[in-house]
Each structure stands twice: as structure tokens, then as C-alpha cells.
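Visitor: test case, fold it:
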Amino acid sequence: MKKMKSLLAVLLIACLVLALFAACAKTETPAKTDTPSTSTDTPAKTDDTKKDDAPAKTEEPEKEPEVLEDPADVNFWFYCNSQWKDEEDVTGPVLDAINEILLEKCNAQIHWTLLQPADYRDKVGLALGSGEVIDLLATMPVGRITNYYNQGMLQDMTDLVNEYAPEALELTKDLVGGYTFNGRLYGIPTLRNLPTSSYIYYYTEALEKVGMVEKFHQMKSFDDFAEILDALKALIPEGMYPIGADFNGLGVPSLQDSKAFADLKNYDSIGDTTGTIFIEDGVVKMTQADPRYENTMKMLRDWFDKGYIWPDSLYNTTDAKDDLMKQKVLAGQINGSEYGVEAIKEGLLQADLEVFQLTKPMIGSTTPSTWGVSIPVSAEEPEAACRVINEMYVNSELMNLFVHGIEGRDYNVVDGQAQYVEEPHYSNGHHVVGNALITYPIIGQGADFFEVVKQLNAEADKSKYMGLTLDTSDLQLVISQISAVHDQYKQSMLSGGYTEEAYHEYVSKLEAAGWADYAKGVQDQLDAFVASRS
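Guide: Now for the predicted structure:
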């Protein structure tokens with residue numbers, strides 16, 4: 001009996017101890033620090049707090065970003081330089097590496113359609129017109145953003161970008177004027193080397209063969225250049241012509257006050273998509289009707305008659321001049337480009353070049369909107385597309401893949417610069433999409449190249465019409481008529497096919513197509529823009 005009483009006493013004491021311990025444990029549970037409290041009775045957290053006690057919010061480990069269950073599939077169409085090979089085994093690894101980053105950073109992956117320059121306008125236009133699903137579209141010169149906007153093919157991205165791509169917007173906020181219509185945003189420009197000039201560049205080997213390297217760098221006029229073209233005719237038996245054209249012609253500036261390079265001027269077309277207008281002293285003028293244009297066409301005809309121009313230039317509308325140089329059909333070319341073109345083209349062509357700058361650099365009113373990205377109305381994943389956009393402006397690893405391909409396979413990093421292997425499977429231009437300023441420069445540009453570019457972008461002469469966006473929605477019929485005439489004549493005229501009869505016929509047909517009505521519509525908007533800034 002005593003034993004039983006003793007046992008009961010022990011059990012009673014044990015219960016009391018457990019009850020007291022539970023009460024103490026309850027009072028030691030810390031208060032949540034995200035809810036302010038004025039009570040002084042809540043004890044501070046002690047080192048004896050159990051692991052299963054609720055910790056103070058301020059001391060919780062940082063939460064991992066929320067990951068959606070199903071990654072978004074983004075159909076991305078964009079222009080790609082001719083350096084890539086359209087084969088799964090060579091482009092696939094680049095795409096896989098891109099998607100590995102995108103899946104981790106923004107829970108999206110892209111399926112890309114890579115477009116050659118000559119295919120871009122027709123394929124994109126047909127796809128958008130038929131409502132094919134394109135979630136993200138890279139814009140380029142032959143597919144002007146204004147055309148797609150005026151045809152109702154693009155989504156308003158204003159709210160989407162603010163929510164899903166705020167960093168991209170912040171980085172480009174001073175450049176989005178060309179993608180803005182009626183106060184709403186329809187695209188994000190590529191952040192790149194923006195000041196443009198006309199350049200002449202030639203294979204060093206070709207100029208050395210005809211003894212013209214020194215003469216090339218001492219040129220002061222198109223007459224001097226013609227002497228070099230004449231000397232390069234010696235290479236025609238080898239299958240290499242002095243100069244040639246693609247679907248945009250020879251690339252010579254269209255308006256010449258004289259043949260002296262010092263007299264060449266930059267003119268702004270303020271977003272014209274017909275290839276027929278330029279602005280001079282605030283007045284809209286027809287390029288083709290100007291005597292300075294005819295002077296240039298006569299010069300090109302003289303080059304053609306003397307055998308300087310690749311003869312198929314009059315008929316070829318698909319091959320780009322870079323392709324023709326790679327095939328050693330052309331010794332060189334004239335083209336518009338940006339600061340650092342020498343290293344860019346040397347990397348593309350895998351050869352030494354001599355480069356001559358024809359015109360002073362400037363940032364035109366539509367230059368920032370020439371290359372960029374937009375979201376078509378057919379997009380099924382607009383939010384994910386914006387998340388991808390944002391990564392393309394802040395993620396250097398991602399952008400180096402888009403621009404250079406795979407390190408160690410397509411290029412190697414040498415002194416902070418990208419040096420392509422002899423036959424890279426993939427490479428693309430810095431100018432195409434995203435933020436080029438966070439990628440490796442091309443070997444020869446210097447590791448600080450993009451620091452220089454940032455300064456040039458800030459200091460370059462800028463068009464006084466920067467931010468003007470033409471609304472041509474009421475002019476589509478006349479634009480279509482003018483463009484049809486322009487397309488009929490421009491290739492021949494810009495490639496040496498000038499005749500006086502053809503030239504006057506060209507101008508007359510532009511006038512008959514309603515050019516004056518188009519010019520008035522543009523002039524009215526230009527005047528209103530100027531007045532709003534005064």
C-alpha cells in the first residue's frame with residue numbers, strides 16, 4: 001500500500017512538472033516582428049528556442065523565387081546573320097543553353113525561328129497576316145515597326161513591360177520614342193551602338209594585290225574611289241568583282257552635292273517606309289526628284305559601264321553583300337554601320353579588312369526603333385515574352401549566347417573579347433536584340449569597346465526629330481502605291497541601271513501614285529511635332 005501511494009505521488013509530481021514545462025514553452029514562443037506591438041510582456045527570443053518553434057520573420061531564410069509549375073513556351077522570331085547553319089546539331093546546343101538560363105530565371109523557354117535578311121519581310125508579314133502564333137518578334141529595317149503597328153499586328157505592351165520587364169524599360173527609357181504610338185508602347189529597342197555612318201570596307205588581301213592599300217586610306221572623293229575600283233578589275237578573272245549590290249543597292253549615300261566626301265551630309269527620313277522622302281530645313285522632299293539623287297545614279301551607271309559592278313547586281317534580290325564577300329564574289333562593299341564595324345566584319349568574314357568612314361556619325365530619329373522586339377497580337381504568352389525581354393537586358397550570360405553562340409565551340413574569350421573559331425556554327429550581330437552593351441566585344445575592338453559606345457551614344461549628334469513617330473494609318477493606300485513603284489525601280493537604279501528615260505519614268509510614277517498626298521500627311525505631322533517642342 002505504501003508502495004502504491006509512493007507511485008501515485010511520483011506520477012502526480014511528474015504531471016505537474018510537465019504542465020509547468022508546457023506553460024513555460026508556450027510563453028517562450030517569440031512574437032512576430034512584422035506586426036508591431038506595444039506590449040512589454042512578450043519575452044525576447046532566447047538561444048533555447050526549439051527548432052520547431054516559429055522563428056521571428058526577420059530571421060527566416062530568404063525564400064526561393066516562386067516557380068510556376070509549367071514553363072511558358074515562347075515562340076520567338078528574329079533575324080540572324082548568315083554565319084549560322086540551319087541544322088539542329090549546330091544551332092540546337094545554343095538554344096538549349098539559352099533555355100537553361102530562361103527556365104531558371106523566368107520560368108520560360110523559347111522556340112526560335114531564325115530568319116535570313118532577305119526572307120524577313122515576306123515571311124514575317126505572311127505569318128502576322130495569317131495570325132500565326134508569334135509571342136516575341138525582333139524588328140529590323142526591312143520590317144519597319146510602323147508598318148506592323150499601322151496594320152494592327154502588334155500588342156500594346158505598356159502595362160506588360162511595366163510589370164514584367166521594368167529593368168529593360170528603365171535602361172531604354174530615353175530611346176523608346178520610335179516604339180511609342182499615341183502615348184502607348186509597342187516595343188523595346190535594342191540597346192546597342194547607335195550612331196551610324198556609311199563605311200567602305202575591302203579585303204586587305206584584295207587591295208594589296210592591286211597595290212591600293214595606301215591609296216584607299218587617302219581617298220577624299222568618289223573619283224579617288226573609282227581609281228581603286230578600276231585597279232580591282234584585275235581580280236575579275238579570279239571571279240572577284242570590285243563592288244556589288246544586294247536588295248538595297250550598292251549602299252552609296254543617295255544624295256551628293258559633289259563627289260567630295262567632305263560634302264556628304266546626313267539627312268533624316270523620320271520613319272518613312274517608302275524610301276522616297278528626306279527632310280531638309282524642316283521640309284519634306286522627294287529623294288528621287290532631287291538633282292543630287294540623279295547625280296549619284298549617273299555615277300553608279302558610270303561604274304557599271306566601266307565594269308566595276310558585279311553584273312548580277314541588277315537582278316539579284318536575295319543574296320546579301322556579306323554573303324557575296326564570304327563567297328569571294330565581291331572584293332568589298334559600301335554599307336551603313338556603327339562604330340567598330342572593322343572588327344565586326346572581320347569576325348564575320350574571318351579575314352583582314354581595310355575600312356574607310358564616309359560620313360559623320362549621327363543618331364537618326366528612327367535609329368533606336370530600327371532594331372528591337374515587339375509582341376504581336378497573335379501572341380499566346382505575352383507575359384512570359386516580357387519576362388524573356390527583361391532577361392535579355394540584364395543577363396550577360398544569356399546575351400553572349402544570343403550574340404556569340406557557345407563559348408569554347410563558337411568563340412573563345414581573349415582579353416575580355418570574343419574571338420570566333422575558324423568556322424563557328426553560330427554567331428549573330430550585336431545590333432539585333434537585347435542589350436549588346438553587356439556582351440563581349442569582338443576581338444580587335446578592345447575590352448573597353450562598349451564603355452566607349454556608351455560615351456558615343458551620349459555625345460553623338462542626334463536628330464532634332466528624335467521621338468517623332470509617324471501615324472500613317474490613314475495613308476496606307478497611298479503608301480502601298482508608292483512602295484510598289486519604288487520596289488519596281490530601286491534595285492536597278494541603285495545598282496547602276498540608270499538611264500535618263502527610266503529615271504524620269506520613276507519620278508513620274510511616284511508622283512502619279514500620290515506622293516504629294518503622302519508628303520502632305522508627313523509634313524503636317526512634322527510641323528505639329530516641331531510646334532509641340534517649341
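
Visitor: could you chop this structure up by domain?
Guide: By the assignment in automatic domain parsing, the chain contains the domains 72-191+368-459, 196-360+468-533.

Visitor: is it possible to get TSV of those that adds mean pLDDT and mean neighbour count?
Guide: C-beta coordinates here come from the backbone N, C-alpha and C atoms, glycine included. What follows is the domains of the chain, written out as TSV (pLDDT from 0 to 100; neighbours: other Cβ atoms under 10 Å):
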stretch	mean pLDDT	mean neighbour count
domain 72-191+368-459	90	19
domain 196-360+468-533	92	18
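
Visitor: surely Asn75 and Gln109 touch.
Guide: No: between Asn75 and Gln109 there is no contact under Cβ atoms under 8 Å: 10.6 Å.

Visitor: would you state the helices of the stretch 201-350 of the chain in chain order?
Guide: Residue ranges of the helices in the stretch 201-350 of the chain, as given by DSSP state H, counting those that start in this stretch, are 204-209, 213-217, 222-232, 291-305, 321-326, 341-349.

Visitor: reformat the ones you listed as JSON lines; add distance to Gln419.
Guide: Rendered in JSON lines, the data for the helices of the stretch 201-350 of the chain read as follows (distance: least, Cβ to Cβ, whole Å):
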{"stretch": "helix 204-209", "distance to Gln419": "18"}
{"stretch": "helix 213-217", "distance to Gln419": "24"}
{"stretch": "helix 222-232", "distance to Gln419": "29"}
{"stretch": "helix 291-305", "distance to Gln419": "36"}
{"stretch": "helix 321-326", "distance to Gln419": "18"}
{"stretch": "helix 341-349", "distance to Gln419": "8"}
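
Visitor: wait, which of those is closest to Asp122?
Guide: helix 321-326 (17.7 Å; Cβ to Cβ).

Visitor: got the CA positions of that closest one in CSV?
Guide: Included here for helix 321-326 are C-alpha records, laid out as CSV according to Å, rounded to 0.1, in the frame of the first residue of the first chain:
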residue,chain,number,x,y,z
LYS,A,321,26.7,41.7,-99.7
ASP,A,322,28.2,39.9,-96.7
ASP,A,323,27.4,36.6,-98.2
LEU,A,324,28.8,37.6,-101.6
MET,A,325,32.1,38.7,-99.9
LYS,A,326,32.3,35.4,-98.0
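
Visitor: any figure for the gap between the spatially closest residue to Tyr241 that is not a sequence neighbour and Ile236?
Guide: In space, not counting the residues next to it along the chain, Tyr241 is nearest to Trp310; the distance is 4.0 Å by Cβ to Cβ, 6 or more residues apart in numbering. According to Cβ to Cβ, to the nearest Å, Trp310 and Ile236 sit 9 Å apart.

Visitor: got it, and Leu401?
Guide: Here the distance between Leu401 and Ile236 works out to 41 Å (Cβ to Cβ).

Visitor: which SS state does the residue nearest the centre of the chain fall under?
Guide: By Cα atoms, centre = their mean, the mean C-alpha position of the chain lies nearest to Val432, the distance being 3.0 Å. Taking DSSP: H, G, I helix; E, B strand; the rest coil as the rule, one finds Val432 in the coil state.

Visitor: ok, it - contacts?
Guide: Each residue near Val432 by Cβ atoms under 8 Å, 6 or more residues apart in numbering is listed here: Phe78, Tyr79, Cys80, Asn81, Ala138, Met140, Thr190, Trp371, Phe402, Val403.

Visitor: next: Met392.
Guide: Counting by Cβ under 8 Å, 6+ apart, Met392 touches Ala168, Val373, Leu398, Met399, Phe402, Val433, Gly434, Asn435.

Visitor: cross-reference the residues you listed with the strands and report the matches.
Guide: Secondary structure of those is defined by DSSP state E; positions in strands are Val373.

Visitor: picking up where we left off before, and of the helices of the stretch 201-350 of the chain, who's closest to Tyr489?
Guide: In terms of Cβ to Cβ, the element of the helices of the stretch 201-350 of the chain nearest to Tyr489 is helix 291-305, at 10.3 Å.

Visitor: what inclination does the closest one have with respect to helix 222-232?
Guide: Taking axes from the mean of the first three to the mean of the last three Cα atoms, to 10 degrees, one finds that helix 291-305 is oriented at 20 degrees with respect to helix 222-232.

Visitor: then helix 291-305 to PDB, C-alphas only?
Guide: The C-alpha trace of helix 291-305 is given here as PDB (Å, rounded to 0.1, in the frame of the first residue of the first chain):
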ATOM      1  CA  PRO A 291      19.100  66.600-108.700                       C
ATOM      2  CA  ARG A 292      21.600  65.300-106.100                       C
ATOM      3  CA  TYR A 293      20.000  61.900-106.300                       C
ATOM      4  CA  GLU A 294      20.200  61.900-110.100                       C
ATOM      5  CA  ASN A 295      23.900  62.800-109.800                       C
ATOM      6  CA  THR A 296      24.500  59.700-107.700                       C
ATOM      7  CA  MET A 297      22.600  57.500-110.100                       C
ATOM      8  CA  LYS A 298      24.700  58.800-113.000                       C
ATOM      9  CA  MET A 299      27.900  58.000-111.100                       C
ATOM     10  CA  LEU A 300      26.700  54.400-110.400                       C
ATOM     11  CA  ARG A 301      25.800  54.000-114.100                       C
ATOM     12  CA  ASP A 302      29.300  55.100-115.000                       C
ATOM     13  CA  TRP A 303      30.700  52.500-112.600                       C
ATOM     14  CA  PHE A 304      28.500  49.800-114.200                       C
ATOM     15  CA  ASP A 305      29.500  50.700-117.700                       C
END
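
Visitor: what is that helix packed up against?
Guide: Under the contact criterion of 3 or more Cβ pairs under 8 Å, 6 or more residues apart in numbering; DSSP states H and E, helix 291-305 touches helix 222-232.

Visitor: so what touches the helix it packs on?
Guide: With Cβ under 8 Å, 6+ apart as the test, helix 222-232 has contacts from 200, 206-207, 210-212, 215-216, 218-219, 240-243, 252, 256, 259, 261, 299, 302-303, 306, 308, 331.

Visitor: quick one: what helix or strand has Gly467 in it?
Guide: In this assignment (DSSP states H and E), Gly467 forms part of neither any helix nor any strand.

Visitor: show me the contacts for it.
Guide: When contacts are counted by Cβ under 8 Å, 6+ apart, Gly467 is found next to Gly177, Gly178, Thr180, Ser365, Phe529.

Visitor: let's see 7 Å
Guide: For Gly467, the contacting residues are Gly177, by Cβ atoms under 7 Å, 6 or more residues apart in numbering.

Visitor: where's it relative to Gly271, distance?
Guide: Using Cβ to Cβ, one obtains 11 Å as the distance from Gly467 to Gly271.

Visitor: cool, and Val522?
Guide: 9 Å.

Visitor: now Gly251
Guide: Looking at Gly251 against Gly271, where the rule is Cβ to Cβ, the gap reads 20 Å.

Visitor: whatever helix or strand Ala384 lives in: how far from the chain's middle?
Guide: Taking DSSP H and E as the definition, Ala384 sits inside helix 382-394. Put simply, helix 382-394 sits 14 Å off its chain's centre (Cα atoms, centre = their mean, to the nearest Å).

Visitor: cool, and stretch 238-257?
Guide: Taking the mean C-alpha point of stretch 238-257 and that of its whole chain, the gap between them comes to 24 Å (Cα atoms, centre = their mean).

Visitor: ok, stretch 327-342 next?
Guide: The answer for stretch 327-342 is 19 Å, by Cα atoms, centre = their mean.

Visitor: and the end-to-end length of that stretch?
Guide: Criterion Cα to Cα, to the nearest Å; first-to-last residue distance in stretch 327-342 is 19 Å.

Visitor: which outside residues touch it?
Guide: Here stretch 327-342 makes contact (Cβ under 7 Å, 6+ apart) with 193, 195-203, 206, 232, 235, 239-244, 250-252, 310, 321, 324-325, 353, 355, 361, 445, 449, 453, 456.

Visitor: ditto for stretch 196-212
Guide: Taking contacts as Cβ under 7 Å, 6+ apart, the residues outside stretch 196-212 that touch it are 213, 216, 225, 228, 231-232, 234-235, 240, 251, 253, 331-338, 341-342, 345, 351-362, 367.
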